[in-house]
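1. structure for this input, please:
(chains A and B)
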Amino acid sequence: MLEKTYDAVVIGGGAAGMAAALAVREGGHSVAIVDREAYLGGILMQCIHNGFGIHEFGEDLTGPEFAERFISRVLGAGIDVYLDTTVMDITGDEASHVVTACGKDHGVLRLGCRAVVLAMGCRERNRGNVAIAGTRPAGVFTAGLAQRLMNLEGYLPGRRVVVIGSGDIGLIMARRLTLVGAHVIAVVEILPYPSGLARNISQCLKDFSIPLYLSHVVSKITGMDRVDGVEVTPLLEGNPDYTKSFRLDCDTVLLSVGLIPENELSRKAGVSLNDDTGGPRIDANLMSASPGIFACGNVLHVHDLVDYAAEEARRCGEAVGRFLSGVSAKQFPLMAGANVRSVVPNFYAPDRENVLYIRSFIVKNDAILSLQIGGSEIKKRKLAHIQPSEMIRLRLQPSDFPALSDGQDNLMEVAIR
Amino acid sequence: MTEFVCIACPIGCMLTVEMKGEGEVSVTGNRCPKGAVYGREEMISPTRVVTAVVRTDSRAFPYIPVRTDKPLPRALITEFIGDLTQLLVRLPAKRGRVLIEDYRGSGVNVMLTRTLPPEGVSRGNS
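-> Presented below is the predicted three-dimensional model:
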């Protein structure tokens, strides 16, 4: 057994984990990253397409290129990296934590630390999560699994493919499959609008004339040993109209139906979660309600862009540094108001810069994002177009806040109208 | 007049592109200069950055990701993907290495986007 002590331990070596660890290290504190894969980079390593890094680096990079920029910095920064190592438990109290992990190089590891950063990313929703009727044949994959098979392991998951859900990974995979000679028969989306970015609808579906069925569901998967087709049903005022169902023959079904923050470890450690996002409830320093346990990236809430996950993680790492140095600032609660599905974080610090990540409940053109404290509007911003699948990011400076007295609760509400 | 969703960045501006004759093209709806370039090129000769994987000689890492360094004319993409299946990359190989120079006279180079085997692999550097 290996026992070591660090100022901070980061769980997960993807974009968020690496960005957080670098910020902690740059603040002069010791830090280790633990990751269950054999290499750093996380899910970026299977995202071989371009479109990453516009905000972070001002360049159009592929996933591995984006990751390797962080990997080189991590390896040169004096950060200990434990790979092929799975964290099993986070224990301890507010003063000190122990991260217990297991890996092939060291056996059992016990890493003592004052701060833990959760950066485990997210999981894909699967067939069970969306409850599709029918048989249970081979050939049903989540889109990310298919991506791993194709891009890392070199297997083609199938030849005639129906994609369920129009999330970005599903769209990217529709293009990838088409380019290597598979036939993508259709993308079927339950909502009346696409879930993925507009540019992915354009360059992944329109470029290859792949039909997109909006307001349709796959109501049944058929086939004995292998998928042989799906039944597709249009929605009429939100309900399936089975009189108009039709069949599409296929040998493979890909599911791109959303992501869920991966909080098995957090839950076990007693970290309080936010039902709106599926991630930990956090304060203005990205610290959970369990003192010393922080969260960032997709484990906190699912981002659209890795650039924003990395930015959030860097802010988290800086906040860990302040926590380790004993610096604090006053903060007040923040909540989602009308037409807002979620807002992260759950507190704001009026004396510091705050970055809010907001998801809308509604689709609207020319919407107004409004921030109110005690019923009076402190800031508003016009938004040309909003939809639930596109995260809204808002930066707030100390100058945006009125003078707030400590005695009040100063609850800030984020609303859309 | 044609409408395109700009793919230059994740915002996805709706571009309206019009041929004005004499090779002149007007682009509106873009929020940045990249959109004007994309709209013009999409109208005259559409191109795409293409990414794919190429076989390696390694059992642990059987495929290595590659990209075109510039957008490739769309008409060449299918052929390009076919050509990549004929290649084999010997490891170790470094990100940024040019695998194909000036692909079929297009002026587009193909380069590796990942270093394999990965740096700092499988051992705590403690």
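
2. gap between stretch A:238-258 and the chain center?
-> What separates the centre of stretch A:238-258 from the centre of its chain is 26 Å, taken as C-alpha atoms, centre = their mean, to the nearest Å.

3. in it, which residues are buried?
-> Judged by neighbour count using 16 or more other C-beta atoms under 10 Å in any protein chain shown, the buried positions of stretch A:238-258 are A:240, A:248, A:250-258. All C-beta atoms are positioned from the backbone trio N, CA, C, and that covers glycine.

4. equivalent analysis for stretch B:38-45, please.
-> Using 16+ other C-beta under 10 Å as the test for burial, stretch B:38-45 gives B:38-43.

5. just stretch B:1-8 next, same as before
-> Result for stretch B:1-8 [16+ other C-beta under 10 Å]: buried residues B:4-8.

6. from residue A:251, how far off is residue A:221?
-> 11 Å (C-beta to C-beta, to the nearest Å).

7. include distance to residue A:149 and pLDDT when you put the buried residues of stretch A:238-258 into a markdown table, please.
-> Shown next, in a markdown table, are the buried residues of stretch A:238-258 (distance: C-beta to C-beta, whole Å; pLDDT from 0 to 100):
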| residue | distance to residue A:149 | pLDDT |
| --- | --- | --- |
| A:240 | 31 | 96 |
| A:248 | 22 | 98 |
| A:250 | 17 | 98 |
| A:251 | 15 | 98 |
| A:252 | 11 | 98 |
| A:253 | 14 | 98 |
| A:254 | 11 | 98 |
| A:255 | 14 | 97 |
| A:256 | 15 | 95 |
| A:257 | 18 | 94 |
| A:258 | 20 | 92 |
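
8. can you narrow the residues you listed to ones near chain B?
-> With C-beta under 8 Å from any C-beta of the partner chain as the criterion, the buried residues of stretch A:238-258 include none near chain B.

9. next one: residue A:93 from chain B, what distance?
-> Distance of residue A:93 to chain B, computed by C-beta to the nearest C-beta, to the nearest Å: 25 Å.

10. how about the nearest residue to the residue of chain B found nearest chain A, chain neighbours excluded?
-> Nearest residue of chain B to chain A, counting by C-beta to the nearest C-beta: residue B:12, 3.2 Å away. In space, and not counting its chain neighbours, residue B:12 is closest to residue A:198: 3.2 Å by C-beta to C-beta, 6 or more residues apart in numbering or on different chains.

11. again, but for residue A:335
-> Using C-beta to C-beta, 6+ apart, the nearest residue to residue A:335 is residue A:413, at 5.7 Å.

12. residue A:369 too?
-> Residue A:369 sits nearest to residue A:381 (C-beta to C-beta, 6+ apart), 4.7 Å away.

13. one step back: need the contact list for the residue of chain B closest to chain A.
-> A:197-199, A:202, B:5-6 (C-beta atoms under 8 Å, 6 or more residues apart in numbering or on different chains).

14. same thing with residue B:79?
-> Contacts of residue B:79 (C-beta under 8 Å, 6+ apart): residue B:104.

15. just the buried residues of the one helix or strand it maps to, please?
-> Following DSSP states H and E, one finds residue B:79 within helix B:77-84. Buried residues in helix B:77-84, counted by 16+ other C-beta under 10 Å: B:77, B:80, B:84.

16. show me the helices in chain B, by range?
-> Taking DSSP state H as the test, the helices found in chain B are B:33-44, B:77-84.

17. can I get these in TSV with distance to residue A:132 and mean pLDDT?
-> Output for the helices of chain B, formatted as TSV (distance: least, C-beta to C-beta, whole Å; pLDDT from 0 to 100):
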stretch	distance to residue A:132	mean pLDDT
helix B:33-44	37	88
helix B:77-84	32	95
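
18. nearest to residue A:154, out of those helices?
-> Judged by C-beta to C-beta, the one of the helices of chain B that comes nearest to residue A:154 is helix B:77-84, at 12.4 Å.

19. elements contacting the helix or strand containing residue A:101?
-> Under the criterion of DSSP H and E, residue A:101 resides in strand A:97-103. Judged by 3 or more C-beta pairs under 8 Å, 6 or more residues apart in numbering or on different chains; DSSP states H and E, strand A:97-103 is in contact with strand A:2-11, strand A:85-92, strand A:107-118.

20. that one pairs with which strands, parallel or anti?
-> Neighbouring strands of strand A:97-103 in its sheet, by DSSP bridges, are strand A:85-92 (antiparallel), strand A:107-118 (antiparallel).

21. that one to strand A:2-11, inter-axis angle?
-> Strand A:97-103 and strand A:2-11 are oriented at 100 degrees to each other (axes from the mean of the first three to the mean of the last three C-alpha atoms, to 10 degrees).

22. which other residues reach strand A:97-103?
-> Residues outside strand A:97-103 that contact it (C-beta under 8 Å, 6+ apart): A:9, A:11, A:34, A:82-92, A:108-116, A:292-293, B:124.

23. list the buried ones in that strand?
-> Here strand A:97-103 shows A:97-99, A:101-103 as buried, counting by 16+ other C-beta under 10 Å.

24. alpha carbons only: can I get it in PDB?
-> Listed in PDB are the C-alpha atoms of strand A:97-103, where the atom choice follows Å, rounded to 0.1, in the frame of the first residue of the first chain:
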ATOM      1  CA  HIS A  97      -9.800  13.800   3.500                       C
ATOM      2  CA  VAL A  98      -8.500  10.500   2.400                       C
ATOM      3  CA  VAL A  99      -8.900   9.300  -1.200                       C
ATOM      4  CA  THR A 100      -8.600   5.500  -1.300                       C
ATOM      5  CA  ALA A 101      -7.800   4.200  -4.800                       C
ATOM      6  CA  CYS A 102      -6.500   1.000  -6.400                       C
ATOM      7  CA  GLY A 103      -4.200   0.600  -9.300                       C
END
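
25. just checking, residue B:94 touches residue B:115?
-> Yes: Residue B:94 is in contact with residue B:115 according to C-beta atoms under 8 Å; the separation is 5.1 Å.

26. of the two, who's got more company?
-> residue B:115 (20 against 12; other C-beta atoms under 10 Å in any protein chain shown).

27. give me every residue that touches the spatially most central residue of chain B.
-> In chain B, the C-alpha nearest the mean C-alpha coordinate belongs to residue B:49, at 2.1 Å (C-alpha atoms, centre = their mean). Contacts for residue B:49 (C-beta under 8 Å, 6+ apart) come out as A:50, A:60, B:67-68, B:70-72.

28. make it 7 Å
-> A:50, B:67-68, B:71 (C-beta atoms under 7 Å, 6 or more residues apart in numbering or on different chains).
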